[in-house]
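1. predicted structure and sequence below. I'll ask about it afterward.
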Amino acid sequence: MAILQVQDVGKTFGSGEQAVQALKPCSFSVQEGELAALLGPSGSGKSTLLLSISLILEPTTGRITINGQTVYDNGWTGVDERAFRRRNIGFIFQQHNLIPFLTAQENVALMMQLNGAGRREAGRRAKELLGYLEIAHRADSLPANLSGGEQQRVAIGRALANEPPLILADEPTAALDTERGTKVMALLRKIARERRSAVITVTHDHRMIAGFDTVYHLDDGRLSRMDQAPAPGLHQMAAG
Ligand SMILES: Nc1ncnc2c1ncn2[C@@H]1O[C@H](COP(=O)(O)OP(=O)(O)O)[C@@H](O)[C@H]1O
Ligand SMILES: [Mg+2]
């Protein structure tokens, strides 16, 4: 089942001589359990596309359907954007954006409470989720006392808090070294495989693209799908 359908979505900033066509009309879809990468140089329109899908930035044209609901059709269709986002989309930023005076567990639990969970229930589920992300032992730490990789895992926990069908990550490994970045990517892969979320990860780091189901490339606002050779490991698994 397609969790995300993007049809002819384009975005132009400004008008007249100042106009910047950040995103040329593009179409693609992402299925349940699919892990997609979005590559492209700085300024190619990656964030513009992700923010449009997240109902944060209004596109100029096209149609966006998320989890069966058309949210944009040459204009917002009138869904309550905050409530919709909270239920359907988990967003992971380049910087973790955790609330500094809340512990790791409280940061995750807060998202659940905003979605209607009671305090105790949210606390319990947040702890469980941190366990899944292998940082339960850091549940009571403040963000400032966590490493970059740990902070990003808590941020992933926050994005997963309400079990959204769609997860969007904008350069989640940009602030991390290769080893920690690889771990975060492995975690996103696990989420797609085990929780069946549709995951789109923006990266400009080509070292990170192994193991994606689909790879898209943006170049000066033009989206294309890249054909990729199967990873050797996958090939052997299929053969064996
Ligand atoms: N709010 C804005 N106003 C005007 N131009 C913008 C705005 N946001 C992005 N742009 C322009 O749109 C293009 C794509 O930007 P962006 O989506 O941020 O690229 P990326 O995430 O790939 O680095 C760039 O030329 C950028 O300068
Ligand atoms: Mg960007």
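-> Done, it's in. Ligands and ions are numbered 1, 2, ... in the order given.
2. beta partners for Asp219?
-> Arg222 (DSSP bridges).
3. from Gly75, how far off is it?
-> From Asp219 across to Gly75, the span is 28 Å (CB to CB, to the nearest Å). Every residue, glycine included, has its C-beta placed from N, CA and C.
4. neighbour count: those two, which is higher?
-> Asp219 (13 against 9; other CB atoms under 10 Å).
5. residues touching the more buried one, list them.
-> Neighbouring residues of Asp219 by CB atoms under 8 Å, 6 or more residues apart in numbering: Gly40, Pro41, Ser44.
6. Val199 too?
-> Contacts of Val199 by CB under 8 Å, 6+ apart are Val30, Glu34, Leu35, Ala36, Leu166, Ile167, Leu168, Ala169, Leu188, Ile191, Ala192.
7. flag every residue of this protein that's near ligand 1.
-> Contacts of the chain with ligand 1, taken as CB under 6 Å from any ligand atom, map to Phe13, Val20, Ala22, Gly40, Ser42, Gly43, Ser44, Gly45, Lys46, Ser47, Thr48.
8. sec struct for the third one, please.
-> Just to be clear, that refers to Ala22. strand (DSSP: H, G, I helix; E, B strand; the rest coil).
9. tally of neighbours for the closest residue to it other than its chain neighbours?
-> Nearest residue to Ala22 in three dimensions, chain neighbours excluded: Thr48, at 4.4 Å (CB to CB, 6 or more residues apart in numbering). By other CB under 10 Å, the residues close to Thr48 number 22.
10. where along this protein do the strands fall?
-> 2-13, 20-31, 35-39, 61-66, 69-73, 89-92, 166-170, 198-203, 214-219, 222-226 (DSSP state E).
11. measure the residue positioned nearest the centre of the chain to ligand 2 for me?
-> Note on the chain: the residue nearest the mean C-alpha position is Leu168, at 1.3 Å, using CA atoms, centre = their mean. Here Leu168 is placed at a distance of 12 Å from ligand 2 (CB to the ion, to the nearest Å).
12. contacts only, for the residue of the chain at minimum distance from ligand 2.
-> Residue of the chain nearest ligand 2, by CB to the ion: Ser47 (3.2 Å). Residues in contact with Ser47 (CB under 8 Å, 6+ apart) are Asp170, Val202.
13. at 10 Å instead, please
-> Ala22, Leu23, Leu38, Ile56, Leu57, Phe93, Gln94, Asp170, Glu171, Val202 (CB atoms under 10 Å, 6 or more residues apart in numbering).
14. equivalent analysis for Gly62, please.
-> Counted by CB under 10 Å, 6+ apart, Gly62 has contacts 6-11, 23, 25-27, 52, 72-74.
15. mind redoing it with 8 Å?
-> Counting by CB under 8 Å, 6+ apart, Gly62 has contacts Val6, Gln7, Asp8, Val9, Gly10, Pro25, Tyr72, Asn74.
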